[in-house]
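Have a look at this prediction, sequence included:
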Amino acid sequence: MLLKISTTYAPATDLGYLLHKHPERMQSFALTFGKAHVFYPEAHAEKCTAALLLDVDSVALVRRPHGRSAENFALAQYVSDRPYVASSFLSVAIARVFSSALSGKCKDRPQLAETAIPLKAELSILPCRGGEKLLRRLFEPLGYTVAAAQYMLDPQFPDWGQSRYFTVTLENTCRLSELLTHLYILIPVLDDEKHYWVGDAEIEKLSRHGEDWLTEHPEQESIVRRYLKHQRHLTHDALARLREEDAQETDETVQVEEAQVEERMHLNEIRLATVTAALKQSGAKRVLDLGCGEGKLIRKLLTEKQFEEIVGIDVSHRALKIAQERLHYDRLPEKQKKRIHLFQGSLGYRDKRLAGYDAAAVVEVIEHLDLPRLATFERVLFEFACPQTVVLTTPNIEYNVKFENLQAQNLRHKDHRFEWTRDEFQSWAIEVTERFGYTVVFHPIGPEAENVGSPTQMAIFTLEDSGRQIT
Ligand code: SAH
């Protein structure tokens with residue numbers, strides 16, 4: 001599939017700066033599903049065109065360990081349009097190959113990145129479920145002039161009618177980052193399929209990439225619904241989120257790296273289920289969720305009768321507000337309301353409110369603490385709060401090589417201060433048990449890969465004289 005982007009802004013070759021790709025060079029990028037090539041079919045001062053050619057490896061696609069094998073029908077492995085059409089693969093390629101341009105960054109021409117310039121995008125082949133009508137309804141409100149040529153299913157058999165495949169031209173005067181963002185979100189929307197698991201993290205992507213335009217778009221609902229693969233609860237959350245998007249963005253909890261997303265695993269769901277199971281097994285009735293974020297674990301714990309009291313604590317007011325909304329706290333029956341408490345607090349300070357609970361969950365939090373503050377956290381939790389059970393998870397850095405969108409040396413999230421290997425985590429945990437009188441067992445969470453283990457690592461600490469042992 002081919003995406004061409006042209007401009008007539010003079011000097012047009014500045015497009016090379018905006019895309020961070022030199023007009024005189026052809027460059028190739030390896031992606032897990034194939035290769036992306038960038039080159040310039042024309043590059044003059046009056047007009048410049050950059051092309052992104054995506055060469056999807058159809059065999060590798062079928063052989064991927066978590067591939068889309070036989071998903072839809074028996075011949076799916078053999079008869080598939082995926083290698084030839086613009087789909088979520090193209091979105092991933094845009095994010096990888098044009099990442100700076102997508103986020104509107106340009107070291108050499110910062111002013112130009114901020115300027116609306118005449119741009120034209122040509123896409124072949126673009127599948128549009130919903131036809132030309134939907135294509136127009138999506139792009140025209142954003143200011144695009146749309147031209148579309150539809151293909152027949154087979155010109156030799158005109159009776160078969162039209163296919164859902166188009167060659168599409170979109171013209172607009174806008175910033176390059178806007179054009180790329182619109183393509184990035186709307187291509188999978190038109191295609192109405194995704195090659196990877198869609199979970200909560202996709203909501204983050206939508207809010208992040210859609211904040212300037214999606215909140216006002218007349219097709220907002222169908223965009224969100226299709227983008228989230230028609231999953232009702234996600235769509236509901238995303239729309240609620242977009243509606244409150246005018247609130248100032250914070251980076252604290254809401255940015256989830258693509259690396260976690262593009263893996264076809266339900267990692268977040270698996271993690272929450274595993275932590276819930278561990279808490280249940282501990283026999284705990286009154287539990288803390290430390291660094292509860294937007295309250296995903298709390299929502300899950302609430303469905304378990306065993307937990308009579310669930311207390312979520314987070315340093316971020318905004319996260320707590322979202323948690324409250326997601327829990328539909330105001331609409332909960334009194335009995336349920338009584339089970340939940342949310343309050344703002346920091347794990348960097350001793351806090352009397354944390355004392356006296358049976359168990360504490362600390363899910364994907366410690367890596368957000370500055371290493372020098374970790375010692376304080378240890379005392380706050382294990383010495384002062386001192387619950388009988390602590391269920392703690394953190395990323396396993398060894399697994400990062402498995403994430404397709406993660407550059408070597410990068411951590412999984414902008415706010416992570418560190419990520420540990422299994423050895424580092426276990427040494428830390430064992431040292432904690434020795435100092436505070438706990439025992440510990442370790443469990444991997446998520447699919448285990450050879451030599452690098454699982455994406456998430458979990459430790460279950462038990463207070464030595466608590467009399468309860470996790471098996
Ligand atoms: N446990 C949640 C959120 C993980 S993100 C989940 O699994 O979805 C990490 C969370 O830790 C964020 O919500 C962040 O605000 C919170 N956090 C970071 N530092 C903290 C601190 N010192 N005290 C309390 N919470 C903190």
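Yep, that arrived.

hmm, who's touching the top strand by length along the chain?
Secondary structure of the chain per DSSP state E: the longest strand is strand 162-174. Residues from elsewhere that reach strand 162-174 (C-beta atoms under 8 Å, 6 or more residues apart in numbering): 81, 85, 116-129, 131-132, 135, 139, 142-153, 178-179. All C-beta spots, glycine's among them, are computed from the backbone N, C-alpha and C.

Give the pairing partners of it; include direction for each.
Note on strand 162-174: by DSSP bridges, its sheet partners are strand 117-127 (antiparallel), strand 145-152 (antiparallel).

The ligand is nearest to which of those?
The closest of the strands paired with strand 162-174 to the ligand is strand 117-127. By C-beta to the nearest ligand atom, the value is 34.3 Å.

and the stretch 201-350 of the chain, which residues reach the ligand?
Applying C-beta under 6 Å from any ligand atom, we find that the stretch 201-350 of the chain lies next to the ligand at 252-253, 291-293, 296, 314-316, 319, 346-348.

Can you convert those residues into a markdown table and add a column each for distance to Val391?
Formatted as a markdown table, these follow (distance: C-beta to C-beta, whole Å):
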| residue | distance to Val391 |
| --- | --- |
| Glu252 | 22 |
| Thr253 | 19 |
| Gly291 | 12 |
| Cys292 | 13 |
| Gly293 | 15 |
| Lys296 | 14 |
| Asp314 | 17 |
| Val315 | 20 |
| Ser316 | 21 |
| Ala319 | 20 |
| Ser346 | 20 |
| Leu347 | 15 |
| Gly348 | 20 |
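
Hmm, Gly16 is touching His22, no?
Yes - look at Gly16 against His22 with C-beta atoms under 8 Å: they come within range, at 5.6 Å.

These two: who's more crowded?
Gly16 (20 against 14; other C-beta atoms under 10 Å).

Quick check: which element contains the more buried one?
Here Gly16 sits within helix 15-19, counting by DSSP states H and E.

Tell me the gap between that helix and the middle of its chain.
Taking C-alpha atoms, centre = their mean, to the nearest Å, one finds helix 15-19 lying 27 Å from the centre of the chain it belongs to.

same deal with stretch 305-319?
23 Å.

Give me the contacts around it.
247, 250, 252-254, 279-280, 284-295, 298, 301-302, 320, 323, 339-347, 353-354, 357.

Please, where are all the helices along the stretch 51-200 of the chain?
58-63, 88-97, 99-102, 110-113, 131-139, 176-191, 200-210 (DSSP state H, counting those that start in this stretch).

Mind checking the ones you listed for the one nearest to Leu31?
helix 88-97 (6.2 Å; C-beta to C-beta).

Now that closest one: average pLDDT?
For helix 88-97, the mean per-residue pLDDT is 88.

chain center to that helix: distance?
That offset, for helix 88-97, works out to 14 Å (C-alpha atoms, centre = their mean).

other SSEs contacting that helix?
Applying 3 or more C-beta pairs under 8 Å, 6 or more residues apart in numbering; DSSP states H and E, we find helix 88-97 packed against strand 27-31, strand 34-43, strand 48-56, helix 176-191, helix 258-262.

Pass me the low-pLDDT residue ranges in this structure, would you?
Residues of the chain meeting the criterion pLDDT under 70: 59-80, 194-198, 242-265, 405, 466-471.

what residues go with each domain of it?
Domain assignment for the chain by automatic domain parsing gives 2-196, 252-463.

what's the closest of the ones you listed to Glu211?
Between Glu211 and the domains of the chain, the shortest separation by C-beta to C-beta is 9.9 Å, and it involves domain 2-196.

what's near enough to touch the closest residue in space to Ala93 that isn't next to it in sequence?
In this structure, Ala93 finds its nearest non-sequential neighbour in Ala36, 4.5 Å apart by C-beta to C-beta, 6 or more residues apart in numbering. Contact analysis of Ala36 by C-beta under 8 Å, 6+ apart lists 28-29, 52-55, 93, 96-97.

If you rank these by neighbours, which is first?
Greatest neighbour count in the contacts of Ala36, by other C-beta under 10 Å, goes to Ala93: 27 neighbours.

And that residue, how close does it get to the ligand?
Note on Ala93: its distance to the ligand, by C-beta to the nearest ligand atom, to the nearest Å, is 29 Å.

Equivalent analysis for Phe139, please.
35 Å.

so that residue makes contact with His182?
Yes - shown here, Phe139 and His182 form a contact pair, counting by C-beta under 8 Å, at 7.2 Å.
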